[in-house]
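In: Just the structure for this:
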Amino acid sequence: MESRSYYTYIVRCSDGTYYTGVTNSYERRVLEHNEGKNPKSYTFSRRPVTLVYAAEFTDIYEAIECEKMLKGWSRKKKEALMNGDQKALQFLSKRKYVQGALIKINRAPHVALRGSAGS
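Out: Residues are numbered from 1 along each chain as shown. Predicted structure coming up:
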């Protein structure tokens, strides 16, 4: 049986704010945000959005827990995570961060680098 992947993701909105969510396809979800089908959604008036972070999980509940945790983080702490700045993240942290696999998004579109979030 093939395991499914779930992602906690962060997009940067056109106004510089961040939106955090959970999905089973971050590529599709970013496209949906940018299509703007729901006028009541946070990202609707803040398009376009750009994917800046995604963490992969095999358990949906872990992805949801990560989303909740990230939503409670300060902007600086989220940016330290997105930039892979371990020292700043440790300085800003009271507890360890994401246990899932870190996916850092390059500046080039559609290019993802995979690495371990715990290392």
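
In: Was I right to think residue 42 contacts residue 21?
Out: No. Assessed by CB atoms under 8 Å, residue 42 is found out of contact with residue 21, at 9.3 Å. C-beta here means a position set from N, CA and C on the backbone, and glycine is covered the same way.

In: Please name the residues that touch the closest residue in space to residue 88 that isn't next to it in sequence.
Out: Of all residues not flanking residue 88 in the chain, residue 80 sits nearest, at 3.9 Å (CB to CB, 6 or more residues apart in numbering). Residues near residue 80 by CB atoms under 8 Å, 6 or more residues apart in numbering: 88, 89, 92.

In: A strand includes residue 80, no?
Out: No. Judged by DSSP: H, G, I helix; E, B strand; the rest coil, residue 80 forms no part of a strand; its state is helix.

In: what about residue 75, neighbour count?
Out: When neighbours are counted by other CB atoms under 10 Å, residue 75 registers 10.
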